[in-house]
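1. my questions concern the predicted model and sequence given below.
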2 protein chains.
Amino acid sequence: MPTKYYIIYIQIVFFLHLRYGQAQVLYDFTAEPGNGELTVKEGETITITNQSIGGGWIEARNSHGETGLVPEEYVEVSVCVSQSCVPISWSLHSQTSNGNDPWTAWNSDTSKNLASVRNSWMSTDQEHPQAYQGPGKTAMDDDEWDDEWDDTRSSACYAEVDLEAAEEGATNRTEVQGPTRKITLNKFPGFSKSGPELYLLAKMLPKGKEKISVYMGEVGPVWLYPEVQMECLVADPKKGSKMYGLKSYIEYQVTPSTTNRPVNHRYKHFDWLYERLLEKYGSAIPIPSLPDKQVTGRFDEDFIKLRMERLQSWMSRMCRHPIVSNSEVLQLFLNHQDEKDWKLGKRKAEKDETVGVMIFSQIEAEAPELGLDEVERKCESFSRFTKAMDDKVKDLLAVGHDHWKRCTGPLPKQYQKIAKAFQNLSTVFSSSGYQGESTLTDALTATGKTYEEIATIISEQPKKDLHFLVETNLEYKGILGCFPETITVHKAAIDKLKDADKLVATNKISPHDKPVMAKRVSNMSYALQAEMNHFHSNRIHDYNRVMQFYLEEQVKLYETIAGKLRAALQQYTTL
Amino acid sequence: MPTKYYIIYIQIVFFLHLRYGQAQVLYDFTAEPGNGELTVKEGETITITNQSIGGGWIEARNSHGETGLVPEEYVEVSVCVSQSCVPISWSLHSQTSNGNDPWTAWNSDTSKNLASVRNSWMSTDQEHPQAYQGPGKTAMDDDEWDDEWDDTRSSACYAEVDLEAAEEGATNRTEVQGPTRKITLNKFPGFSKSGPELYLLAKMLPKGKEKISVYMGEVGPVWLYPEVQMECLVADPKKGSKMYGLKSYIEYQVTPSTTNRPVNHRYKHFDWLYERLLEKYGSAIPIPSLPDKQVTGRFDEDFIKLRMERLQSWMSRMCRHPIVSNSEVLQLFLNHQDEKDWKLGKRKAEKDETVGVMIFSQIEAEAPELGLDEVERKCESFSRFTKAMDDKVKDLLAVGHDHWKRCTGPLPKQYQKIAKAFQNLSTVFSSSGYQGESTLTDALTATGKTYEEIATIISEQPKKDLHFLVETNLEYKGILGCFPETITVHKAAIDKLKDADKLVATNKISPHDKPVMAKRVSNMSYALQAEMNHFHSNRIHDYNRVMQFYLEEQVKLYETIAGKLRAALQQYTTL
């Protein structure tokens, strides 16, 4: 499709947006006078006139033609296309845009509210209208523009409007399983309905080039680790645009330590990588989600910084994993030579058939076959541990959240009040007219200023230390959120093996299949154990590192405060 | 009245108590199961069965005969004697008995709720019933027992039940003027209704032995300071009893630096001293109130400690004052040789006629007479300053109150939660079964313990430093609360002098009276200026001292926390 058609197409879509930007008001909202707000009533239908206001607000027009700002959480947008209306929750992605409370973003539990299909309708700016993805649309040509939708091959009967996904990297997410895992069921045969039988009973295992070795190490089964651990740097976010400036995006420079040659990637490329890794390794290796998407404020400096930091953590974790780092798809992402190379690699990766449970066919354990009891015991133990750790990590996050709020809210306010009280006393003292007052009043003023500084120091501290403690725990929450499914696959395999005799008796499988299944279940267990040992080793490293960092910063904090108070103290007359 | 009659009398009173211990329930209260509490409803009448439970609780019986604990703030006690019922608020004096929040005691604003007559009905212990003071009772003999009531010469027609005053030092407080000043109007002719005319127009000034000199110092008019400043130590509170153990009290050892010979005094003796000083010097010198009285928990260790500390501060301030410290009545209090000496001295002091505004007759200023303008300007300036300082001191107290609550409530709770989160993580980590885990889990446990310690340190800190900052400001609130009346007397004198010509014209005064008045007003102004300079000098000293102390302790606090965190940090594996 030539470029000029795109522009016409976009313009049509833009007007469709304006026309179909209807929303239902969920709760009464009373406008504050003078703030340009609009009073709305529950149940009222309003028209969204600008959804890129940011800060949790949208602009809307009511039936009387009055226009004003309404909190986006108060409305539910219905996109009416053809005959169907799909409700959209506005509040899910309006996170961290003000940079004050990253917890809103961290607390991805809100995504539980996602409908079975994750729809979003957005336009970053009225000047940069997003294209509209109509129903029944099929994949376009795979160029840089078209691949916004290249996975949107939905067979669903409702209107699929996934413009955020379109912008940010498109996949048809037909199911969202919990806050941290998004599974593309129709592309992931190893999961749920299909189960591990595909691998356990496969007559012919695919002959993949990538072999995954498990060795017996000091701590038990371990992956084969490369001699040099790959690292990569995500840096230098730059705003790019195309379509004559109609479309903007952020591009990050990703530099692997292996080549030291940077490649540029947009969020949607990371998201593509995530999907491939999840598809390929998700049954055996926890592939944590990428940082959350964002509807508004995607070009805010704070948001870009936080996203980059999280992409960095995610990439580091992938690079640190001996299996994932060695994968063709990650190597492609980091090492492709040019656009053509990248496109070809993508097509190839998308055609990879050794995905889902079939990944276990690549496992080669240099160890004796494990008995069913042993396999089951290990699985139970990992299940218990990951569940328990998940609980405690969430507790720590909740405590961290509270502490963050206290340190940025009531506590500095308290110190400001103390500061003010000392300063006011100083002011009144200096009005006494009594001689020899100035040493005390100067000292009191200095004490007041010191407490003001302490207020600032305290309120800025969480960004310096608690942030990293929280980010690490969020990462672990993400990883731990992947284990239930890994363990489910594992347990399903165990159950299948337990049923083997019955299956033989009912001629569902042949008698030769049973030892094959047993061998394969043992293989799966080696993979799980290797992965758990990898997890433990990383966990000890990560928590050791982050706790030291946190405590170092906390020591500095209290020492700084003590130092400042000591300086204030020295201003008083020595008794 | 022989002793045996007293005992019978007390026993009758004790039964009257039980009989008349009726209370109205002010608010619904639902008992917590298993705590021995009693559920009561608003409006219900209950019978107090034990009001010496302490900790803010009383024991009561409802109409169904059920007995249990009820918060004393939830009930209003009616003492029904003769035909009249006088409501009593229980909550006014139940302070600091648990030692957790001295602010309840410090915030003496509650005393604004006092009825025009301060009634109290109490018994410290069932075994030590208090005597009941019937209506129309006249002064008894002045022995150690009878002087519990020796000022209770009320002509009021209602039942006067002032058993607290009876226990603690009895004066008939017919008016309570604000939280910090209790004026015995009928014994204080210099104040209010009588005004300063008594002094300004006196034909014959009393020839008191105590002359009060005002000199011109570097800062202006100053009192004549003694070469050695007297100090005194209030210490060693001991429980005493009499009436065969039926009556208990606390006696403090008071040792003046002049003689180093201790004398014993009960609270009621301090209260007697306070009344004398207020009577004698109140027009010219702020005489701050004694620490508040207490209904329940008077024998609690924490209460005794706090009261002693406050009596110490009060005594120190009196001893530090060049005029007050030199007064016969204070010397009597500190230096009486024996019981007989003390009694004689008391009688003499109570007969002193140079009280109220007549104190100004003792002032001798070695300086030229001040003009009316100058007098007025000084008075205005002191009035503004003391009012402004009063405001700021109250602000500081409010901030201190908040800070105290935060440091003993939410903040340590927060640190306990952080502690728990780290400890729980340690516990789950140690269940991993992974080798080489112990360094991290030990370090995490130690970190958790450290945060527990920090929680304790933080919650105990206010008692160590904020307490003294608050006590100093409470003292100043008390002193500043005396100035409005001092300044009122002063202003009334100024107004009188302004009216002098009119008074001469209408033959109210003779022409010779005017220059006498002018001289006396000038004298009053010298006294006020000397007192203000004394106040300023003390203020600078006190705030300098307390701020240094506070900051020193705060530095120690933050250094201690930093040290503890550093120790925790060192438990982690060095990276």
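-> Happy to help now that I have it.
2. residue A:512 and chain B, how far apart?
-> Noted for residue A:512: a distance of 36 Å to chain B, by CB to the nearest CB, to the nearest Å. To be clear about C-beta, it is placed using only N, CA and C from the backbone, and glycine gets the same treatment.
3. before we move on, what about residue A:280?
-> According to CB to the nearest CB, residue A:280 and chain B sit 26 Å apart.
4. one more: residue A:564?
-> For residue A:564, the distance to chain B - CB to the nearest CB - is 9 Å.
5. grab the nearest non-local neighbour of that residue.
-> When the adjacent residues along the chain are set aside, residue A:564 lies closest to residue A:450, with 5.1 Å between them (CB to CB, 6 or more residues apart in numbering or on different chains).
6. and if you look at residue A:400?
-> Per CB to CB, 6+ apart, closest to residue A:400 is residue A:470, 4.7 Å.
7. check residue A:196 too.
-> residue A:493 (4.1 Å).
8. how about low-confidence regions in chain A?
-> For chain A, the stretches flagged by pLDDT under 70 are A:1-20, A:32-35, A:52-56, A:77-194, A:207-210, A:293-298, A:575.
9. how about the contacts made by residue A:420?
-> With contact set as CB atoms under 8 Å, 6 or more residues apart in numbering or on different chains, residue A:420 has these partners: A:448, B:399.
10. shouldn't it be within a helix?
-> Yes. Per DSSP: H, G, I helix; E, B strand; the rest coil, residue A:420 lies within a helix segment.
11. spit out the contact partners of the residue nearest to residue A:564.
-> A:419, A:564, A:565, A:567, A:568.
12. in space, what's closest to the first one - neighbours in sequence excluded?
-> What it means is residue A:419. Spatial nearest neighbour of residue A:419, chain neighbours left out: residue A:451 (3.6 Å); criterion: CB to CB, 6+ apart.
13. next, count neighbours for that neighbour.
-> Using other CB atoms under 10 Å in any protein chain shown, residue A:451 has 26 neighbouring residues.
14. that one sits in which helix or strand?
-> helix A:438-464 (DSSP states H and E).
15. cool, residue A:469 as well?
-> Taking DSSP H and E as the criterion, residue A:469 maps to helix A:466-480.
16. give the contact list for residue A:25.
-> Listed by CB under 8 Å, 6+ apart, the contact set of residue A:25 reads A:40, A:41, A:42, A:43, A:44, A:45, A:46, A:70, A:74, A:75.
17. ok, for residue A:362, nearest residue in space, not its chain neighbours?
-> Among residues not flanking residue A:362 along the chain, residue A:212 sits closest, at 4.6 Å (CB to CB, 6+ apart).
18. now for residue A:303, how many residues are close by?
-> Number of residues near residue A:303 (other CB under 10 Å) recorded here: 22.
19. phi first, then psi, for it.
-> phi -70, psi -40 (degrees, to the nearest 10).
20. find the helix or strand that the most centrally placed residue in chain A is a member of.
-> What sits nearest the mean C-alpha location of chain A, by CA atoms, centre = their mean, is residue A:291, with 2.2 Å. Assigned by DSSP H and E, residue A:291 falls within no helix or strand.
21. please tell me how far it sits from residue B:282.
-> Separation of residue A:291 from residue B:282 (CB to CB, to the nearest Å): 72 Å.
22. swap in residue A:527?
-> As judged by CB to CB, residue A:527 and residue B:282 stand 90 Å apart.
23. can you pull out the strands in the stretch 151-300 of chain A?
-> A:175-177, A:181-183, A:212-217, A:220-223, A:232-242, A:247-256, A:263-266 (DSSP state E, counting those that start in this stretch).
24. give me the contact list for the longest one.
-> Among residues not part of strand A:232-242, those counted as contacts by CB under 8 Å, 6+ apart are A:144-145, A:247-257, A:299, A:304, A:308, A:311-312, A:315-316, A:319, A:334.
25. am I right that residue A:525 sits in a helix?
-> Yes. With three-state DSSP as the criterion, residue A:525 is part of a helix.
26. for it, what are its contacts?
-> Neighbour list for residue A:525: A:370, A:374, A:375, A:378, A:379, A:490 [criterion: CB under 8 Å, 6+ apart].
27. among those, who's most crowded?
-> Within the contacts of residue A:525, neighbour counts (other CB under 10 Å) peak at residue A:490, which reaches 26 neighbours.
28. ok, which of the contacts of residue A:525 also contact chain B?
-> When CB under 8 Å from any CB of the partner chain is applied, no member of the contacts of residue A:525 is adjacent to chain B.
29. nearest to chain B among the residues you listed?
-> For these, the closest approach to chain B (CB to the nearest CB) belongs to residue A:378, at 9.6 Å.
30. surely the closest one and residue A:526 touch.
-> No. The pair residue A:378 / residue A:526 is not scored as a contact, 9.6 Å apart, by CB atoms under 8 Å.
31. okay, and the common contacts of those two?
-> Common neighbours of residue A:378 and residue A:526 are not found (criterion: CB under 8 Å, 6+ apart).
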